Each structure stands twice: as structure tokens, then as C-alpha cells.
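J.: dropping a prediction and its sequence here:
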Amino acid sequence: MSQKTYTYYPGCSLQHGNHAYEVSNRAVAKALGFELAEIDDWNCCGATEYFSLNRLPAYALVARNLARAADGGATEVVAPCSACFLNLYKTDKHMKLYPKLNDQVNEALGAGNLSYKPGTLKVRHLLEMIITDVGFDMLKDRTRRPLYGLNFAPYYGCLIARPDNVLDSTEQPTLMDQMIEVLGAKATDFHLKTFCCGGHMTQISEETAYGMIHRIIKNAVDSGADAIVTICPMCQMNLDVYQGYANDMFGTKYEIPVMFFTQVIGLALGLSPRELGFGQEFVNMSGLIDKIQSSPPPKAKAARRPKEALPMPVMPE
Amino acid sequence: MSDNGTFKPVIVGFLCNWCSYRAADLAGTSRMGYPATLRDIRIMCTGRLDPTFVLRALQKGADGVLIMGCHPGQCHYQEGNYKAIRRFALLKRTLRQLGLEEERVQLHWASAAEGVRFAETVTRMTKEITALGPLDWSHNWPNEDPYALEEAAHE
Amino acid sequence: MKAAEKSTLFDRVVKATPGGEALAQCLQCGSCGGSCPSAVDMDHSPRALFAMINAGMEDEVLGSNTPWYCVSCYACTTRCPQNIPITDIMYTLKQMAVQRGHYDHPHAIKFSETFIGFVEQRGRGFEFGLATRYHLFHRPKQFLQPTQVFKMGAMGANMMRRQRLPVRPVSIREIDQLQAILAKAKVVAAKEMQA
Amino acid sequence: MSEQRVGVYVCHCGHNIAGTVDVEHVAEWSANLPNVVISRDNKFMCASTGQEQIEEDIKEFDLTHVVVASCSPHMHEKTFRNACARAGLNPYLFEMANIREHASWVHASDKDGATNKAKSLVSAAVHRVIHQEPLQPMQVDIRPETLVVGGGIAGIQTALEIADAGYHVYLVEREPSIGGHMAMFDKTFPTLDCSACILTPKMFDAGSHPHITLLSYSEVEQVDGYVGNFTVRVRRKARHVDEDLCTGCGSCWEKCPIKVIDTVFEAGLGSRKAIYRPFPQAVPKYPIIDVENCTYYKSGKCRMCEKVCPTEAIRFDQEDEILEVEVGNIVLATGFQLFDPRRIPNYGYGRLENVFTNLEFERLSNAAGPTEGKIVLRDGVTEPESVAIVHCVGSRDKNYNSHCSAICCMASLKFAHLVMEKTGAKVYNFYIDMRSISKGYEEFYHRIMEEGASFIRGKVSEITDAAHTPEEEGKLILVCEDTLIGRPRRVPVDMVILSAGLEPRADAQEVGYMFGAGCGDTGFFTERHPKLDPVATVTEGVFIAGACQGAKDIPDSVAQGAAAAARVLATISKKQVNLEPVRAEIDESRCSGCRICNNMCPYHAIDFIEADGVSRVNPALCKGCGTCVAACPSQVINGAHFTFDQLIAEIDGIMVDVTAGALEVV
Amino acid sequence: MSDKKGKLGLYWASSCGGCEIAVLALHEKILDVAAAFDIVFWPCVMDFKYEDVEALEDGEIDVCLFNGAIRNDENAHMAHVLRQKSKVLVAFGACSFGGSMPGLANFTDKDAMFDWIYKQSPSTDNPQGTLPQKHSQVPEGELTLPNFWRTVKTLAQIVPVDYYLPGCPPEAHQIEAAVTAIVTGQLPPPGSVIGPDVTVCDECSRTKNEKKIKHFYRPQEIIPDPDVCLLEQGLFCAGIGTRSGCGALCPQVGMGCRGCYGPNEGVLDHGAKILTGIASVLDANTPEEVDKILDTLPDPAGYFYRFHLPQSLLRRRALGNGQKQTAKTGEAT
């Protein structure tokens, strides 16, 4: 694969609060042989807040990024944050779908001497980009430290799975599960993989937010996971930083690390914890490295069903 | 074509007998209003649409042409509308080369149950064509023959 | 026929939401309320809210806490059997409530406003400023409770120790361009409101 | 050319047209159109006085063509054509302008616009009509044999009705036995009588009727011809059993060592052998060898069935047979398929072991099924203490099928009854709307309520095993909003039954194509008219019955089967049918044999005559769509009643008031 | 015709001269023409002056073979004069019949064309940007040029025409047949196109099958099967909708018919017929798939209207409308 350069929209969160994600993204990009080039002078995507209060400026805010990326000659833009991804994706899609909105947004952009033709950019999430463009074969090929013995709960969260299905399912996607297995680890049967982490509710209603966080953490631990893998800085923050509060509220003592998916890839590629921004997390994840085994664990035998049991439905491949 | 100064486009419609013509009937029985810009011609199937008809309508002064048929996969004659899709695609490219705006000739679908869709399509197209202004193809064809002009002046 | 001159609440919600026409087709099946992770805290389920919009119960609808508890997870939207853009309708309702100055959940709106303030001023979000300013100015009571101060303070300290909470905000280079765009967008939006 | 004399009649339709369109003005204006000799307006053209006016004028003014401007031709074209015919004018010299549905009713707020449009539509008809030619309907003979495709309850009913009337029927069934879905069910709603008990006698009759040739384990491969004269090619798949010798004794499947999970009849819950009869009452009674699983076809060894067969009926080398039958009419009764709930991942089917489909439950509850009628969890032993029944699975949902599957409400009530009766478990029905519209259905609903089933109004959002509270541990939790309370609910149960909807068979489009029946937007076959012609299709001689036309229950399927039979019998007894003369014809003297038109025709009506180097349309097969007419690059295909000249004249006529500024035409 | 020799006129308006050569390609048959007619006007071959024709009586010329399209005042003037002086006016060749190559100018406009030819084209050296003028003063006096039209027209669009003899150029055997018909007085009804009313396919010996086009090729891209219909091989061929008479010359040598003989009887728009024929057999059913195939057919309008744009229903590219759709690359303008 030749060195490909992707136009990159990191989003505010990766600048400070979730710098570890940025660090691991860059490290993994380097190791996998692609480059991430930031949109020149990008601005905040408005998160979910701006759309809540002022629709048109919210679209215009996002569209400025699209316009600047398109001006730079890009045909696609990659975002590592699910909220940023969705805002960019949705703005492009809605401008295409609703001509009036398109006119209005472009009128606003005009005030900054910009314009954007919807459809010019393909908006992508970093996870989907790595899985599609780098591919499982290459990931397997570059794996230097197979993550044998580790069990990960693949947590997709909302905004990549919904409202549009950019992965393989809006309800139970499996692409990251497959990726985890390719890296030598096991993806657990984690039913709440697309259940919401609570988003900004931590700031607005602790009761609601901690309830949701607790459910996810419980389900992940119940599924036998050693760590949760996330693809969004907001999800990581909620599950990691607020894990203690959720424990307090429900009287539990969960302590499960919450990693970014590029940190997991990085580990498998043989990068050091330092290179991957370890240490910013609240629930320590360094212990995981010691759990990595030198050879694949024996395959667990499928539990034998009793003779009188009825067959299960055949699931399609 | 225009009274009290406002431009009211003339759109010639070609409607298939089974879906879009019935959708238009349904729009009627349900009293769904739409602009009186469409003048429709019934053909059995959009597959009957000879591109000549579109050109003829434009030549005769239409500001737009609307072709409507059954949804793909639901053609009364199984696949006539696929033929319409093919011809329309090539006609569109040809008309673009002849300097016609894309909105002037459109192909849409409406099932016999979609009176609303039919009315909306006509309304939307009317707006689009009104925004473009008259086509008036004959003005592309100025009389430059000095003899004919002289004769016309004599009369 | 004259009765229809003032547009109904329903019409306004539909008009302000991209793809909002689907709202007319709500089956009242409740798959939105069932899918919503924060439904327990809502005073009305989204479904009930839609029925109320239909009934023109403007005060109750715009006064409901429901939109403010929406976490934008889109679970309702993807599961809706009628493809109603429910999350986007929640955004619309929040905006309408704010415009009317009539809303249930002051925390949520203050949080959003604080956030937006940073974005409009600097072009970037700023978590430290957001957390302190929002809690200090808008939720002083809770914030200044000893346990809460301790909790928040402890968290902030922890965040900072892990270099997750920078103390200096960042601005974009061409902030003028952004502000011009946003100002224009507000003008365009206002124009539409009047029409 | 003799002189063209056109009469124009503009209808008021009471106030319907005249309230918007200035009818008198349109009639006056039309009098000046070319060739018009008389132009009138009339209160009600379709009334007898209006029709008589036309008849009188045809005689008095010697009219050669007639135009009526009134409603849609789908409404009254026949009426006015008949009026013309009564006055001795060929009905195809008549043309209609639709100024009601297409003008007055839709432009009520723009009276000038409506009047103007009415004028242009009348002008179009006047310009067009003079190019119209007298046409004669075609007559064809009807063969008395009938093909019925599909051996479910609808197809069986159709076949029996026709055969009982004394005409021969070929009944083709894809599976090894007739019976369809009904044979798999346990009880039928609302009477709760045993499905097999009422179906089996009919299956037996169909299998032994002297006028029915039963072609089971067979599929139609090709259909040629047209109403009255179809030639159908049927592939009889090899059973590998000689039907003449086999007695159906059962030694072969008893001794066969290979056990296979039966995903067809037992819905995956039970098993059968590699040589098998799908179920005890199967008709015909002969077994078939499942080549994919039989050891002999893998390794050449075993031959156990051959060894034990007392009549030496096993034929490992048997091959598919091709059979050609000639029939006059065809009835499609190809049925439905069940929605696959795996498509809704949030319902967990396939992942959560105690989530069952409705068909699985039918087999569980059936005394002849894998558990001999015991309702148990997937472990095969535990009786559930609580059961949830989820309605509308994959139905009434634009993400899957937007139609209502019509049977699930009642079937779900039946499940509730069976669960309560057999296990005493607590039953929850999750529904959106209860639909109990047929005779006895509402009463059945009341009965189930009385029996103690709970009803929760709310579409289930998800079914999960992720417990929230200790009480939920180990249970299946149904998450929904109870819309009557307006609060979210989580209901833990042991077992879930998904009432998966009915959808068109995956190959409906292909099958429809082969027989000339179209599919509507839900994918079911389209009837000729949704109310007045529900069992006919657009193709003459091809009828539809049962769930292939739309989701329906057993009584409706039976009724449609009988209705289709009545239609077939009517055409048989008429002996001949008339066909619309809207047909394409190639001017062979001008055809250059480019063959562009050859694959335009979905009805295979165009043949290339190699010897003459020209293409030719078989008029009996042609349906008059005109696709070939429009395709012909040398313009030598004439589409009767929609000719090039007629349509160009119509365009010119419709633009009559605009053309002043348009191009001069050379 | 009586014993008296008839009078024959030949004229070229906007044309290349190929039609004149086609007349000479009659070889020895030209002597029959000379025997039957006095040639009173043939500026391409002999020195005639316009005044000579203008001096003739009305209707004095028995037959006039008029080739070339009408694109300026001079062409129109001669069309009117020759119409007046001729009993039978024949539109001779594709240019006078349908506009042909000069008619392709209708895809653009006079101004754009002048700009390119006299200013922009790479081989032009015209720093002053001088354009042809109707009147220019030279020491010897005033020079005039006929007014150049914005739109090319066909002969029949200027004056009534009695017969059409299409082709670029008309084949010798057809000219011969036409001359024979005129000489013997066995003329078809006025207004007819002289020639058979079938298409090129009729004369083309390639095998035709049911057609399905998946991809179009330019002639340089593939070596076609010598025995199979070119269109089926993805090579554009207008033969399906073009009047025969040429003997299928082009397709026989592996080059798709260009369409010079024009449409069959009753057809109003030659291009539309080729369009519908070809589009009908594209092997695709969705707009996306169809577009994918059509992307391999650049400049469709150029193919369909190569010889007959001025004679088509729309006759030219829009002058005023369509500014929004400025020509995209790869399309003829």
C-alpha cells in the first residue's frame, strides 16, 4: 500500500480531554503506513448541543469544516470521534437531501467566502476507514504482539451505528468484533454494544447518566471482558471517568479499563504503552499487558447441548 | 402562457395508463390541488415513449416535459419502465448537449395509489421550471433570411 | 377555511424539521419510548409527545422535559417503523421551547448555551471552562454543596493530573470567518422564522 | 381520404366540472377546431340522454369520429365506446378528454387555468382522433385444461373446484407433498379445530381426483403462449423413488442411518431422514431421497434404503423429467414466506435460545411435532412459566415490510390460548393495534382476554438477556413502552414467540415475470383491480389466489381459490375470448431486421424470421405496451390505437394555443 | 421529356465539393446526362455568373441539383433564385437535405465559432483580433462578404423542395437512377426522398442477433468480429435508423454507419430514432447502471445528429437558454 494521506478532522475532544486517542491514532497511522492531515483551521462540530438550540447555525458551523476540507481538494474526510463523524456526515447528507437547507447553509457560508457542494466529501469514521482501507489482512500481517488471552467488549456506542448504518448493522454490528479477533484477542458476546453511554447527561442528570453507564459496564463485565473497547472520546470519558460514580450509586465495585480501539490495534502492532497514550485513563489499563499470553488459549468447546434439547436456528454467516 | 405578467409554464406530461395516469386520477378524486401547468397525454406504458415525442413537445413550445410511470419493478408490463429509464438517460445527455437545463425534462414514478406523490411532483416541477423561465425554443431559431424578412415586411 | 390561517403546532414542528413530514404517520406504537435509554426520566414518552403535538397542546409540549432528556443516541429513530426523524424532532422542540422562553430543564439549556458560547467565541470547545463556568454560574447551589464541591473538585484534579483538562482555551485562526458565517446563519434563520 | 367529421361533447358532470371549468366556452371554442362539425355541452354525458345525443348526432351529422370531454377514461371510456358502437361507429374512432380528474377537480383554485387546460386536452383529443382507425377485437379459442401452480390450501381449493366441474387440472407443487403452510399448523383460529383434520381430506381428494394430475416435487420452468393456449414446461425433479412400485410402507426411512434437521416442515425444530416423507399425511405418499445428505451420493456406499425396500422401488440413477402440458388458463397460488426475524437483531432470534418463531411454536404445539405437542423451552424439557407473544414482527414497519400481515393478531391469540391451556403460564401479548375483523374473530379476542392473557399495547423495542435487576437475571426481558400507561416497561419472561409476518416469496418477481403477473409495491402479485377484479391479473388467462396476492388467512385463501376457479370455469364455458386490439404490428416490407425490437418484449411476442430477415409480432401474445414501437429505429412498428401519427397529433393538439410562437414545422 | 434537350443546373451552397465529385463519379454515364441536358449553371466546374442565372426565365431550368447547406445570405439568395428558375429543385446530398457537417455549427454559435477560428485556435496568429467584416475598405474600393448566419439551415427550410437525394455524398448508382427517372419522366410523388425505405441493416451482411450493449468502444479500441453486427460489439452504428442506399459501405469495412443518408419515411427526428434504438438495448435497468454504460459513449448528440442537426426537431443548441449547463468536457459544443 502506498502512503495514503487522509484529510482528518480530530475534533476538540482529542486536543486535550482525550489526547490519548489522538496519540494512539497518530502512532497507529504511522505503523500502518497512512497519514492523517488535519483540515486547515477546523472548528468545533457543535457536538449535540448546537443542533439542540440553533439548527441553521449548527449546520453552518459544521459546513465550514466541510467547505474548508473540500477547498483543500479532499474527497473524503475521516473523523475519530463518533459525534464529530455524525455531525459532518449528517450535514453533508441533509444538505444533499433538502435543497432549501443547502441554499440556506451556503448563504451563510458565503459570508465567510466559502461554499460547499453536498456530496463532494465522503465522511468516514476512523474505525470504518481502517477496517475497509487497511483491511483485516494487513492488520493481521502487521501484528507483532497478538493479543492472545485478552477478552474485549466491543463497544460501538450510538453515533456510528445510528441513525445511518455505516457499519454492518444498526443494532448488532460485528466489524469491530472481527477486528479484535484478527488481532488475536477475543470479542465477548456483549449485548449492549450499541446502547447509549449517556452522552452529555453526566452534566445534566447524574441519575440518568450513571444508570446507563452502570448497565453498560455490568453487561461488559458479565460478558467476561477484561476491557471495553471504544471508538468515541465521549464514550470513553463516560465509561472511564464516571465508572467510580456509577459504582457509588449502585454499590458495585467494577473496575474495567476502557480503551480506544487504536490503542488496542497499537498494542497488537507492538507499540509501547507510552506511544499509545496510556496513563490518561482513570481505570488503569497497563495491567492488561501482563495478561497477554504467548500462545492462543485453547478454543473453548461449545457447550454440549443435552440430547433432548431442540436445535437452535441456523444463523447466516 | 402568461397573463398578468407572471410566467405560467406549460408542461407536457406523458403518463402511463396503469400507474401514473391513475395516480393523477386519484389526485383528482381526492381533490389534491396542483398547478394547472401540466397537460397530460396517456400512453399505455412509459416504454411507449418515443424520444421524438419529447422533442416534439419542446419544439412546439413546451417549457418542460414530465414523464411518469410505474415504479421500477412494478411496471404493468413488467419492464417497460426500464426501457424508459434507458432512453431517458440517453435523452438527458443529448438534451444537455443541446443546451437544455436538466430540470426541463424529468422522469418520475408514481403508483396508482400515489396521488399525493403525483400532485407533489407536478407542483415541484412547476416551481423549478418557473424559476428557470420560459424555454420558448423558437427564439433559438431567428429568421435570418433577408428575403423572407423582406417578404414579411411587405405583408 | 379561514380557521387554518394560523399554522398549527404540528405544522410548525414538521416545517422546522428536515424530513419531519413523516410525523404525520406516527402509529403510536411506542417503539421510541421503549428504545429510549433515558425514557424513565421523561415526563412524557416521545410517542405521547407526538400525540400531544397533534392535539395542539403547545404549553405542555414545549414545557415537557422530554426533549431535554434526549441523549441523541438515535435508537428511536432507527427503530421507528414509520421512519420518523425523532431525534431531530427533539432538537426542534428544544429550539421552539427556548424561543418561547418556556422550557423545563434549565440545566440542560444552560449547559448547551455555555458550550455554544465557547464555540462561538473561539471556534473550539473548552472542557475546563465549560465545566467550571456551567457549574459555577448555572448550578451554584448544587455545585457549592460541600459533597458536590468535593466530588467535582476531586474529579477536576484527577482530570488535570492525567492531563485531560487543559486550563488554557484554544482558538481557531480565522475566527472572524466563522463568526461571520454564524451571524449570517442566524439572519437567514430569522428570515425563515418570519416567513 | 374521405372527409373527417368530428363531434365534440363537453360534459358538465353536474357541478363537478362546470363548477370550475367554463364548459360552455370550451364547447364553443372547440367548434372552431379543425374537422369539428358539431360541438355541444351537456349536463351528464354518461346519462342515457347524453349517450343518445351522441348516437343521434352520429347519424344526423354523419360523424366519423367522436370526442367526449368528461371524466377519466378509466371511468367511462367503455360507456361511450358502446354508444358509438350502437350508432354503427367503430368504437375505436372515439376519444376521451379527461377534464374532471385531471382538470376541474385539481385546479379548483385556478378556474382560468382549469378552463385553459380543458381546452388544450379537448384540442389534443380532436387532433388525435382523426388519425384513429377502426379496430376489431381478436377472438381466440380456450383449451379446457387448467394449470394450478402451488399446492397449498388455495391451490388445492382451486384445483378441486375446477376438477369437480369436470375439467382437467395440472396441479404443480414445488415441495414433495401438497398441503403448504396449513399442513404445518396445529390448530386454526378462531374455531381451534385441528388444521390437519380439516386439510387432510382435501389433500387426499386432490391426490386421487380423476381430473387432477398431481405434479409434486415439480417446478414450472417456462410458459409460452397466451390465453386459451398456453404451453407450460414443468420440471419433475427426481425423487429417486419409482412411484409405480412404491407403496409408502416406510421401511426405507425407518432404516436410513442419516438424520437431518428438517428446516422445512419442522421449521428446524425436528429431524427427518435422508430418505423421507415430509409428514405422515403427505400426498403423494411416496418418499424422496435428499441427495445432499444421502451417504450414497457422497461416497457411493450405504444403499440401505435399496436393501430394505420390499418392492425394489429405489432408483439412485433417476433423473429429472421435463413435461410439457397445454392449458387454457393458469392459476397462481404460490403462497407466502415467513418474515425472517433474524433481520431484526434487537429481537435476538437465533442468539437468545428461548426466542421462537410462530412457525416453530406451531410445531412445538403440534401433537405430531418434535415434542409431541409439549410446549417447552429450547432445552426440550422445561415448561415456561411466562410467555410473551410479540405481534407485528417485520410487519407494519417501513424498515422491513410496511403492510399488515393480517393473520398475526388472531394467530397470536391462538398461541396465547394454547400456552395457557397446555402450561398454565402467564401470557403477555405485545400489540400495536388488535385487528379482529372477520366473523367470530372479535369474539375469539374476548375469549382469550377472559382466559386471562395480558395485553400490553406497545411495539417491543428489544428483547434482551442483559438483566437490570436481580429479578431479571436469567430471563428474557421485553423492553417496550406501555403506551396505555405512557411509561417504559421491562417484562421478564421465560419464552418469547415472535409472530413473524407474511411476505411475498423471494422468487415472486421471477415467477410473476414468467407468467406475466406483476408485483405491487409490497411485492405480492398485483390483481387487475383491487376491489372489482381481485383474482385476475393483467395477463388474460392468468389468475391469482391466496396469499401470493396479499397476506390473508385460511378462509380468505379458500374463498379466493374458489373465485379463481369460477373465473377459469367461466372462460372455459365461453369457449372463446375477445382480446383488446391494442397491438403492435411490424410492417415487414420496411423492416430491415436490425433486431433491436427482439428483446424488448417481456411476453416473447416478437420472433425473428430468419428466412425473410424480418421480425414479426405474434398478435395473440402482444399486450400492446408499445415498448417495441418506441424502440424501432426505422419506425416501422405500428402500435394500434397509440400510433406515431396519433401521438404526434395529440402533442400538436395539446400545444395548439402555445404553438403560435413556436417553430414553423417543415 | 420531349426531344428538346432539357436544362440542368447544379449549385453548391455551403458544402465541401464532394457532391460535385460524386456527379463526376458517374463516369461514362455523365455523357448520358450531357446528351439529355444542356448544363446552364455549374459554377464548380464552369465559369457561370450569378447574373446569367438571374437572367433566365422563371422555370427555365428543368432540373436543379442543389447541394450544400444554407448558412449565409449568399446561399439563401441562390436558393431563392434557383427555386424561381427551376421546375424541379432537388436537395442533393446530405448538406442540403439535413445540414450535414456545416450543420454541426448549430452545436455552437456564430460568435463562439468566430472567436475560436479567428482568435483562439492554436494555429491562428491574429494579435489584433480582426474578425471578418461584411464591408471593408481597400484601396481598390469596398469589399463585401455575405452576412454569416447564427444558424445553419437546410434547403427545404428556405424554399420548397421537390425531391431529396440524401447521402454524403449520394452514391453514383442513386444519382444515376435519379437522373434516369427524371429523363424518363418516371418521378415519384413530389416531396419524396429518392431511395429505398429500409435501413442500412437491410444491406449490411453482418449477422444480427438480439442486442444487449454493456459497453461502448471507440473504433480504435477493439478489432471487431468481421461477421457480427457492430452495434452488438459495442461500436456505435447509426445503420439501425438510417436509410439504406449506400450498400452499407461503412459497416462492411468495420466502421459503424455515420448516418449520412438520414432517416426513413415518416420519421420526424433522425437522432431520436437512433437514440431510442440504441438506448433500448442497453443492458442495465437502473439509472446508475445505465449511466455507467453511457459514460463510455462520449458526445451522444454528436453521434445522433452528425448529419441532420438543422433538420432535427430542435435544430440547434439553445442560444439563450441553458447557460446553466455549460458544456462539460468531452461533449461537442
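T.: Thanks, I have it.
J.: what about A:Met212, helix or strand, and which?
T.: helix A:206-222 (DSSP states H and E).
J.: now for that helix, which elements pack on it?
T.: helix A:201-204, strand A:227-230, helix A:233-241, helix A:243-250 (3 or more C-beta pairs under 8 Å, 6 or more residues apart in numbering or on different chains; DSSP states H and E). From N, CA and C alone the C-beta is placed, and that goes for glycine too.
J.: hang on, isn't A:Ala74 packed against A:Leu121?
T.: Yes: the pair A:Ala74 / A:Leu121 is scored as a contact, 6.2 Å apart, by C-beta atoms under 8 Å.
J.: could you look up the SS state of D:Gln53?
T.: Recorded secondary structure, D:Gln53: helix (DSSP: H, G, I helix; E, B strand; the rest coil).
J.: how about it, nearest residue that isn't a chain neighbour?
T.: Among residues not flanking D:Gln53 along the chain, D:Asn42 sits closest, at 6.3 Å (C-beta to C-beta, 6 or more residues apart in numbering or on different chains).
J.: same thing with B:Ala113?
T.: Using C-beta to C-beta, 6+ apart, the closest residue to B:Ala113 is B:Leu26 (6.9 Å).
J.: give me the next element, helix or strand, following the strand or helix carrying that neighbour.
T.: Per DSSP H and E: B:Leu26 is located in helix B:20-29. For helix B:20-29, the following helix or strand on the C-terminal side (DSSP H and E) is strand B:38-43.
J.: assumed D:Gln281 was part of a strand.
T.: No: in this structure, D:Gln281 is coil, not part of a strand, as judged by three-state DSSP.
J.: list phi and psi for residue 15.
T.: You didn't pick a chain, so chain A it is. Main-chain dihedrals, A:Gln15, degrees, to the nearest 10: phi -70, psi -40.
J.: again with B:Gln74
T.: Taking degrees, to the nearest 10 as the convention, B:Gln74 sits at phi -120, psi 20.
J.: wait, it touches D:Phe524, no?
T.: No: with contacts counted by C-beta under 8 Å, B:Gln74 stays clear of D:Phe524, the gap being 11.2 Å.
J.: my read: D:Ser104 touches D:Thr20, true?
T.: Yes: between D:Ser104 and D:Thr20 a contact is recorded at 3.9 Å, counting by C-beta under 8 Å.
J.: by how many degrees do the helix holding A:Met212 and helix A:243-250 diverge?
T.: Relative orientation of helix A:206-222 and helix A:243-250, computed by axes from the mean of the first three to the mean of the last three C-alpha atoms, to 10 degrees: 100 degrees.
J.: model confidence score at C:Cys32, please.
T.: For C:Cys32, the pLDDT comes out at 96.
J.: what sits closest to it if chain neighbours are left out?
T.: Nearest non-adjacent residue to C:Cys32, counting by C-beta to C-beta, 6+ apart: C:Cys76, 3.7 Å away.
J.: you'd agree that neighbour is in a helix?
T.: Yes: C:Cys76: assigned to a helix according to three-state DSSP.
J.: residues contacting it?
T.: C:Cys76 makes contact with C:31-33, C:35-36, C:46, C:86-87, according to C-beta atoms under 8 Å, 6 or more residues apart in numbering or on different chains.
J.: tell me the strands in chain C, going along the chain?
T.: Ranges of strands within chain C: none, based on DSSP state E.
J.: let me know the pLDDT of the residue nearest to A:Met179 when sequence neighbours are not counted.
T.: Leaving aside its sequence neighbours, A:Met179 sits nearest to A:Ile131 (C-beta to C-beta, 6+ apart; 5.9 Å). We have a pLDDT of 95 for A:Ile131.
J.: roughly how far does A:Ile131 sit from B:Ala57?
T.: 51 Å (C-beta to C-beta, to the nearest Å).
J.: secondary structure element holding the residue nearest the centre of chain B?
T.: Nearest residue to the geometric centre of chain B (C-alpha atoms, centre = their mean): B:Val65, 1.3 Å. Using DSSP H and E, B:Val65 sits within strand B:64-69.
J.: show residues contacting that strand.
T.: In contact with strand B:64-69 (C-beta under 8 Å, 6+ apart) are residues B:9-16, B:19-20, B:23, B:38, B:45-46, B:49, B:54, B:57-58, B:75, B:80-81, B:84, B:88, B:103-110, B:118, B:121-122, B:125, B:129, B:135.
J.: that strand pairs with which strands, and in what direction?
T.: strand B:11-16 (parallel), strand B:105-109 (parallel) (DSSP bridges).
J.: export only the CA atoms of the last one, formatted as PDB.
T.: Spelled out, that is strand B:105-109. In PDB, the C-alpha atoms belonging to strand B:105-109 read as follows (Å, rounded to 0.1, in the frame of the first residue of the first chain):
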ATOM      1  CA  VAL B 105     -37.300  17.100 -18.800                       C
ATOM      2  CA  GLN B 106     -37.900  14.800 -15.900                       C
ATOM      3  CA  LEU B 107     -38.800  11.200 -15.300                       C
ATOM      4  CA  HIS B 108     -40.600  10.200 -12.100                       C
ATOM      5  CA  TRP B 109     -42.600   7.400 -10.700                       C
END
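J.: return the helix or strand immediately after it in the chain as CSV; C-alpha atoms alone will do.
T.: Moving toward the C-terminus from strand B:105-109, the next helix or strand (DSSP H and E) is helix B:115-132. What follows is helix B:115-132 as a C-alpha-only set of coordinates in CSV (Å, rounded to 0.1, in the frame of the first residue of the first chain):
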residue,chain,number,x,y,z
GLY,B,115,-52.0,10.7,-5.8
VAL,B,116,-50.1,12.8,-3.4
ARG,B,117,-46.8,12.0,-4.9
PHE,B,118,-48.2,12.8,-8.3
ALA,B,119,-49.5,16.2,-7.2
GLU,B,120,-46.2,17.0,-5.4
THR,B,121,-44.2,16.1,-8.5
VAL,B,122,-46.2,18.4,-10.7
THR,B,123,-46.0,21.2,-8.1
ARG,B,124,-42.3,20.8,-7.6
MET,B,125,-41.5,20.7,-11.3
THR,B,126,-43.7,23.7,-11.9
LYS,B,127,-41.7,25.6,-9.3
GLU,B,128,-38.4,24.5,-10.9
ILE,B,129,-39.5,25.5,-14.4
THR,B,130,-41.0,28.8,-13.2
ALA,B,131,-37.6,29.6,-11.7
LEU,B,132,-35.9,28.8,-15.0
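J.: does chain D sit close to the helix or strand following helix B:115-132?
T.: Next helix or strand after helix B:115-132 toward the C-terminus (DSSP H and E): helix B:146-154. No: Helix B:146-154 does not reach chain D (C-beta under 8 Å from any C-beta of the partner chain); its nearest approach is 10.2 Å.
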